[in-house]
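[1] Quick one, fold the following:
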Amino acid sequence: MTVIGFVPAALASLAEFRPDRSVILIEEPDVVRKRGVRAAAADAPVVRELIEWEYQTPGAADEFFALHGDLRPAAVAAIQEYGTPFAARLAERYGLPGAGLGAVQLFRDKSLLRRVTRAAGVTNPASVGVEGPEEVRAFMAARSGPVILKPADRQASVGTRILHSAAEVEQAWRECVLQDEGVYVPDRPVPLRMLVEECVRGSEYSVEMLVDDGVPLFRNVTAKTLFPGPRPVELGHLVPAAVPDAVRDLLCAQTERVLRAVGFGTGIVHCEWIVADGTPYLVECAGRWAGDGIMDAIERAYPVPLVRNFWSLMMGEKPAGPFPGRAGQSVAIRFLDVGAGVVESVQGAEEAAALPGVVSCDVTVRPGDETRELRSSWDRAGRAVACAPTGAEAERRAADALRRVEVKVRPHH
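    Predicted coordinates for the structure are as follows:
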């Protein structure tokens, strides 16, 4: 089994049902160095080998196959966004199930995805590619409401900002083109492509769907909330979304329409939507696991062995069914923002984790760490996860847990 991209939680989940030394991990050399992946892989019994490979470069999968054609993996999949084209092409070369390179390439380019899905009848926000502030201002001049400036092919809300007036454009452009993802990406420069879009106001959701050769096997709708302010960074998720059946069915039907439009094959998708006045607007779609702990939340809420079934599909096996259509409980995830500065102390996480219904409460910063202003998901400082019979109670428990956490931060002078 070959996994593209180092995600500790993914390796841990594989270790639950795969034998020791059964996984080949492929990661970018710069990321291996910056994140200490070699040591982490050595400590993971399920990993057989770590291969350093610049998989985010053109032709990388075909070059890899030319050198490792006799590898014969049982499955190939990417856990992180930037590895999905490599994984899709590699699966094709090894003759294994996969999303399909064409589908993933459309997912990775928001501009192309809008063109294709709009032609298939999916409602999209108005959107154009822009190369500088003047083009952003021209787009705004033709509209009365706010717009959103974003990169065409990044993750975790990196380089994304909501603009309400033309006076904000110059500074916003300077900020958004500085897309620093730190240890999670290679050091080499990546071509910059920016979009400006109408900012649709409404309720935000994502659809997680397990798909076998274009046929959905399992569907979930997640509700999400954002931190206040100009950066659309996610504050929390609720699994499943507490919405009427009609809304759930509409979101799932529109996601299936997206999959047909791009020709998606086999795997899992995480498709984001904004519902305004009853109409779902496509935000973006990814041919990979949902991040932010949503996969674990789904497994707890229904319950369903989603990860195990995903890998069964990728190995060409029929997953164990039937899949539940309704969740048995609600799971809420809520994130922590501590502002910019230097962390002086962290207290209360253990007490918070012991509260009724709280699954976990993790703070990812330590005394001495520098924290940044909230500009992307990477700037959040921790999260709490809680379960309850209802969505409202699960969200209350997760919020209560974070209120017990005290992170003292000394602002920069």
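[2] So, low pLDDT: which residues of the stretch 101-250 of the chain?
    Residue ranges of the stretch 101-250 of the chain with pLDDT under 70: 154-157, 179-181.
[3] all helices for it, in order.
    All helices of the stretch 101-250 of the chain, identified by DSSP state H, counting those that start in this stretch, fall at 101-108, 110-119, 133-141, 169-176, 245-262.
[4] Skip ahead from the longest one and say which helix or strand is next.
    The helix or strand immediately downstream of helix 245-262 is strand 267-276, counting by DSSP states H and E.
[5] That next one to helix 245-262, inter-axis angle?
    For strand 267-276 against helix 245-262, the angle by axes from the mean of the first three to the mean of the last three CA atoms, to 10 degrees is 120 degrees.
[6] Strand 267-276 pairs with which strands, parallel or anti?
    Take DSSP bridges as the rule and strand 267-276 pairs in its sheet with strand 203-212 (antiparallel), strand 279-286 (antiparallel).
[7] from the chain's centre, how far out does the first one sit?
    Put plainly, it is strand 203-212. The chain centroid and the centroid of strand 203-212 are separated by 11 Å under CA atoms, centre = their mean, to the nearest Å.
[8] Pull out the buried positions in that strand.
    In terms of neighbour count (16 or more other CB atoms under 10 Å), strand 203-212 has its buried residues at 204-212. (C-beta placed from N, C-alpha, C; glycine too.)
[9] List just the nearest of those to T364.
    Of all those, T364 sits closest to S206, with 22.3 Å by CB to CB.
[10] Could you find the residue nearest the spatial middle of the protein?
    The structure's the chain has its C-alpha centroid closest to G291; by CA atoms, centre = their mean the separation is 3.9 Å.
[11] roughly how far apart are the residue nearest to S360 when sequence neighbours are not counted and V239?
    If the residues on either side of it in the chain are set aside, S360 comes closest to V385, at 5.0 Å by CB to CB, 6 or more residues apart in numbering. Computed as CB to CB, to the nearest Å, the V385 to V239 distance reads 10 Å.
[12] Those two - which one has more neighbours?
    V239 (31 against 25; other CB atoms under 10 Å).
[13] tell me the contacts of the more buried one?
    By CB atoms under 8 Å, 6 or more residues apart in numbering, the residues touching V239 are 220, 222, 294, 297-298, 300-301, 327, 330-333.
[14] next one: L90
    L90 neighbours (CB under 8 Å, 6+ apart): 2, 4, 61, 64-65, 76, 98.
[15] Narrow the residues you listed to those that are buried.
    Here, 16+ other CB under 10 Å leaves 2, 4, 61, 64, 76, 98 buried among the contacts of L90.
[16] which element is the fourth one on?
    The one in question is F64. Going by DSSP H and E, F64 is part of helix 60-67.
[17] what about that helix, distance to the chain center?
    With CA atoms, centre = their mean, you get 26 Å for helix 60-67.
[18] between it and helix 101-108, how many degrees?
    Compare the direction of helix 60-67 with that of helix 101-108 by the same axes, to 10 degrees and you get 140 degrees.
[19] what helices or strands is helix 60-67 leaning on?
    Applying 3 or more CB pairs under 8 Å, 6 or more residues apart in numbering; DSSP states H and E, we find helix 60-67 packed against helix 84-94.
[20] before we move on, the earlier item: isn't the residue nearest to S360 right next to V359, touching?
    Yes - counting by CB atoms under 8 Å, V385 sits close enough to V359 to count as a contact (4.3 Å).
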